[in-house]
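**Student:** Can you look at this prediction? I've put the sequence above it.
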Amino acid sequence: MAVLPCMLKIMPKSDHARKLANPLVVAIAYDGLCTFELGVAVEVFGLPRPEMGENWYQFKIAGIDPGEMRAIGGMRVVVDAGIEIIDQAGTIIIPGWRGATEPVPATLIKTICKAHANGARVLSICSGVFVLAEAGLLKGRRGTTHWRYTDTLSQRYPEIAVEPDVLYIDEGDVMTSAGSAAGIDLCLHLVRRDHGMQAANMVARRLVVPPHRDGGQAQFIERAVPSLYESSRIGPLLDHIREEIDGNYTVASMASIVGMSSRTFLRRFEAATGTTPAKWLLIERLEKARCFLESSTMTIEQIATASGFGSTANLRHHFRQQLLTTPTAYREMFQRALDQ
């Protein structure tokens, strides 16, 4: 990955002193456990992170089946806590499920619903959405899952507004993510919500992943890894644009910087990034605007100029189109979190 567009030299303690009402995150373990999905939850919420201060998450795994449980990949899992610890959780994570048609134990449904009614947030990764659906926590709400399961989810639970193309959906107290890796996106989103941009960026850097991915699971990149030749020429251009994101860039001007014809540049840019220059530039400008909205007192007009959108109307248009919100609403969401 090239250097991320928004790097503030601020230690987390100064920006993330806010304290969660209930920092305990509980992930469920079950016979047939989805190993990667549980690993995502452990990596984001379960690792010791002393650099984050005293207000970071606490983490437990709740085994919902007695004794030793099998996990995908030939492993066996034994955990220290049973289903009863879910009652204490501030956040519950469902790391996948045994299958889209596998029954969900009534005890698990009852326990999750009770915890949710008492204020716990519930988050699912991939097929874990079927646990939330069976518990009725998505009735009248939006939800998502891996693209392989979206039709099944829609057919079995018509009361859920299934969105098949997104990476994750945040409905406040209920959150769902698409395929396995989208669980990382959703978990980092929750860190951003709870502890702010710098904390999420620090966790993302340790994971060696971007702190935010725009777009949805419908995007399939044919060749995600650029060749050395392409990355050595395109990479410096991307870094340059990120440093001067408010510049006026056209295909011709970018091609000129790297010494290519426009036709060759378009072909090699897409080979290196998996997208077009226009789409890549839009994503980078949106990310820059988000950084400003979260961490600065600049006006919307100033942010529109500094992030390369030129006008507030243009900034608002792309925010609505790409992020389904407005710049003002986005800023207010983070301000409310800071005030809590």
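**Tutor:** Structure received. Predicted, not measured: the structure shown is a model, and the values here were computed from it. Numbering: from 1, shown residues only.

**Student:** Identify each buried residue in stretch 240-260, please.
**Tutor:** For stretch 240-260, the neighbour count (16 or more other CB atoms under 10 Å) marks I241, R242, I245, Y249, M254, A255, V258, M260 as buried. C-betas here are computed from N, CA, C, even on glycine.

**Student:** Mind checking which of the residues you listed land in helices?
**Tutor:** When the buried residues of stretch 240-260 are checked against helices (DSSP state H), the matches are I241, R242, M254, A255, V258.

**Student:** which residues sit in contact with the fourth one?
**Tutor:** When contacts are counted by CB atoms under 8 Å, 6 or more residues apart in numbering, A255 is found next to S261, S262, T264, F265, L266.

**Student:** Name the SS class of I28, please.
**Tutor:** Under DSSP: H, G, I helix; E, B strand; the rest coil, I28 falls in the strand class.

**Student:** mind checking the end-to-end distance for stretch 99-110?
**Tutor:** When the termini of stretch 99-110 are compared using CA to CA, to the nearest Å, they are 20 Å apart.

**Student:** next one: stretch 55-67
**Tutor:** One end of stretch 55-67 to the other measures 32 Å (CA to CA).

**Student:** Let me see the mean pLDDT of it.
**Tutor:** Averaging pLDDT along stretch 55-67 gives 94.

**Student:** Which pLDDT does the model give H116?
**Tutor:** At H116, pLDDT is 98.

**Student:** Could you identify the longest helix within the chain?
**Tutor:** From DSSP H, the single longest helix across the chain is helix 277-295.

**Student:** Which residues belonging to it are considered buried?
**Tutor:** Quick answer for helix 277-295 (16+ other CB under 10 Å): 277, 280-295.

**Student:** Just the CA coordinates for it, please, in CSV.
**Tutor:** Output in CSV follows, covering the C-alpha atoms of helix 277-295 (Å, rounded to 0.1, in the frame of the first residue of the first chain):
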residue,chain,number,x,y,z
PRO,A,277,-8.0,7.5,-12.6
ALA,A,278,-11.3,9.3,-12.1
LYS,A,279,-12.7,6.8,-9.7
TRP,A,280,-9.4,6.6,-7.8
LEU,A,281,-9.2,10.3,-7.5
LEU,A,282,-12.8,10.6,-6.2
ILE,A,283,-12.1,8.0,-3.5
GLU,A,284,-8.9,9.8,-2.4
ARG,A,285,-10.7,13.1,-2.3
LEU,A,286,-13.6,11.7,-0.3
GLU,A,287,-11.1,10.2,2.2
LYS,A,288,-9.3,13.5,2.5
ALA,A,289,-12.6,15.3,3.1
ARG,A,290,-13.6,12.7,5.7
CYS,A,291,-10.3,13.3,7.5
PHE,A,292,-10.9,17.1,7.6
LEU,A,293,-14.5,16.6,8.8
GLU,A,294,-13.5,14.3,11.6
SER,A,295,-10.4,16.1,12.9
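
**Student:** Looking at it now, give me its mean pLDDT.
**Tutor:** 90.

**Student:** quick one on the thing from earlier: pick out the most distant pair among the ones in helices among the buried residues of stretch 240-260.
**Tutor:** R242 and A255 (17.9 Å; CB to CB).

**Student:** Scan the contacts of A255 and report the most crowded one.
**Tutor:** Among those, F265 has the most neighbours (other CB atoms under 10 Å), with 22 neighbours.

**Student:** Return the distance of it relative to T111.
**Tutor:** Using CB to CB, to the nearest Å, F265 is found at 56 Å from T111.

**Student:** One more: L153?
**Tutor:** 22 Å.

**Student:** What of S262?
**Tutor:** 60 Å.
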